[in-house]
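> what would the 3D arrangement of this be:
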Amino acid sequence: MGRELSLREIQLISLEICKKVDMICNENNFRYYLYGGSLLGAVRHKGFIPWDDDIDIVMPRPDYEKFLAYMQENQEKIKPLKLYSFENNAKYPYMISRVSDERYILDVENEDDYGIGIFIDVYPWDGVGQTEEEVAERKGKAARNSSLFYLSTRQKCVKGNTKSIKKLLIKPAAFVVAKLLGKNYFEKKLSKMATKYKYDESRYVGCLVWGIDGVRGIYPIEWMEPYTKLQFEDAQFRVPKEWEKALSKLFRNYMELPPKKDRVPHHGYRAFER
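Presented below is the predicted three-dimensional model:
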């Protein structure tokens, strides 16, 4: 591996990836929106949260599937970018997709090497249900399966950041079960669960294959369109129409900075030139 990159270099490379994805989406009428920390960064910092190390976007399932197909069919055209998904890479350990810049390589903690470079995350956004009760039930079930899927892709069971005694006691047993069943088992369960409802016919929408945000990351569909744009570094990217409501639900007092001890990158990797 070549020279190690700084956090700011990683951010700027991620920004260039997102600009190219934005261009592809504009040219092909694919819907997408900034999400999570990237949406928060656009509002609070006019760009990256200073300690963040990637960009998150979401796509409604119909557009997500078209985007994946486009990226696969235009591999030469999009170089040095490359799509990573569980459909096209047997070692890839997530049910969201990533768009990577292949001029770089990551050294990642506690997962198999699948060759990815600096990336942005692309989350499929699915129909979740028609009532809040249904949303809570389906998101809870999906989150449990998503956690087991994640454990099935880890090389070893680690404590993580949880302070819950119950979770610490359960995790080793869950790790064993997850490894025995394997990631393909959970891929099938989560895919079936996520695609039960059509996105555009569902009252509530969100990501069912990634469980970390719980019901806080599920929104009424009318919050999404028509999209608006916000400044992000030297670019403008799409955000949900009701971005203030989305941020308030996900982060509550989103303009407040977290404690200094929490201002750290959340991915466990180092990035290098190839």
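
> against which helices or strands is the lowest-mean-pLDDT helix or strand in the chain packed?
The weakest-scoring helix or strand in the chain, judged by mean pLDDT, DSSP states H and E, is helix 165-181 (a mean of 78). Packing partners of helix 165-181 (3 or more Cβ pairs under 8 Å, 6 or more residues apart in numbering; DSSP states H and E): helix 132-152. All C-beta spots, glycine's among them, are computed from the backbone N, C-alpha and C.

> and the helix it packs on, what does it pack onto?
Judged by 3+ Cβ pairs under 8 Å, 6+ apart, the packing partners of helix 132-152 are strand 118-129, helix 165-181, helix 183-194, strand 204-206.

> on that earlier part again, and the angle for the least confident helix or strand of the chain with helix 183-194?
Angle, helix 165-181 to helix 183-194, by axes from the mean of the first three to the mean of the last three Cα atoms, to 10 degrees: 110 degrees.

> list the buried residues for helix 165-181?
Using 16 or more other Cβ atoms under 10 Å as the test for burial, helix 165-181 gives 171, 174, 175, 178, 179.

> quick one: contacts of stretch 130-146?
95, 128-129, 186, 189-190, 193-194, 202-204, 206, 208-211, 214-215, 218 (Cβ atoms under 8 Å, 6 or more residues apart in numbering).

> keeping just the C-alphas, turn that stretch into CSV.
Output of stretch 130-146 as CSV, limited to C-alpha atoms (Å, rounded to 0.1, in the frame of the first residue of the first chain):
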residue,chain,number,x,y,z
GLN,A,130,-49.1,2.2,6.7
THR,A,131,-49.4,2.7,10.5
GLU,A,132,-46.9,3.6,13.2
GLU,A,133,-47.6,0.3,15.0
GLU,A,134,-46.8,-1.6,11.9
VAL,A,135,-43.6,0.4,11.4
ALA,A,136,-42.4,-0.3,14.9
GLU,A,137,-43.1,-4.0,14.6
ARG,A,138,-41.4,-4.4,11.1
LYS,A,139,-38.5,-2.2,12.0
GLY,A,140,-37.8,-4.1,15.2
LYS,A,141,-37.9,-7.4,13.4
ALA,A,142,-35.7,-6.1,10.6
ALA,A,143,-33.2,-4.6,13.1
ARG,A,144,-32.7,-8.0,14.8
ASN,A,145,-32.1,-9.7,11.5
SER,A,146,-29.8,-6.9,10.4
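
> run the chain-centre distance for that stretch.
Mean-position distance between stretch 130-146 and its chain equals 18 Å (Cα atoms, centre = their mean, to the nearest Å).
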